[in-house]
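*Asks:* Sequence unavailable; structure follows:
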C-alpha cells in the first residue's frame, strides 16, 4: 500500500529528489552519514530545477 501511495505522490510532484542510496539498507545505521551525504548531493543537484519553479511562481504572483 505504501508503494502505491508513494508512486501516486511521485507522479504529482514538481521535483523529485532521488539520492543514490539503494545500496544502503533501511536499518543499516552504520551508513547513516553516507546516506545523509548522498541526500545532500542529490538536493544540490536538484536546486536549479527548484529555483526555476520558484522563479516561475514569483512571476505568476503565486509566491512572494
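*Replies:* Received, thanks. The structure displayed is predicted, hence computed values, not measured ones.

*Asks:* tell me the SS of residue 16?
*Replies:* coil (DSSP: H, G, I helix; E, B strand; the rest coil).

*Asks:* for it, what are its contacts?
*Replies:* Residues touching residue 16, when contacts are defined by Cβ atoms under 8 Å, 6 or more residues apart in numbering, comprise residue 10. For glycine as for every other residue, the C-beta is placed from the backbone atoms N, C-alpha and C.

*Asks:* one more time with 10 Å
*Replies:* Under the criterion of Cβ atoms under 10 Å, 6 or more residues apart in numbering, the neighbours of residue 16 are 9, 10, 42, 46, 49.

*Asks:* what do you get for residue 30?
*Replies:* Counted by Cβ under 10 Å, 6+ apart, residue 30 has contacts residue 24.

*Asks:* ok so, going back, now the contacts of residue 16 in a markdown table, with distance to residue 23 and secondary structure?
*Replies:* Listed next are the contacts of residue 16 as a markdown table, based on distance: Cβ to Cβ, whole Å; DSSP: H, G, I helix; E, B strand; the rest coil:
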| residue | distance to residue 23 | secondary structure |
| --- | --- | --- |
| 9 | 24 | helix |
| 10 | 21 | helix |
| 42 | 14 | helix |
| 46 | 20 | helix |
| 49 | 25 | helix |
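
*Asks:* Make JSON lines out of these and add pLDDT and neighbour count.
*Replies:* Supplementary listing: the contacts of residue 16 in JSON lines, determined by pLDDT from 0 to 100; neighbours: other Cβ atoms under 10 Å:
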{"residue": "9", "pLDDT": "89", "neighbour count": "10"}
{"residue": "10", "pLDDT": "90", "neighbour count": "10"}
{"residue": "42", "pLDDT": "97", "neighbour count": "15"}
{"residue": "46", "pLDDT": "96", "neighbour count": "15"}
{"residue": "49", "pLDDT": "95", "neighbour count": "13"}
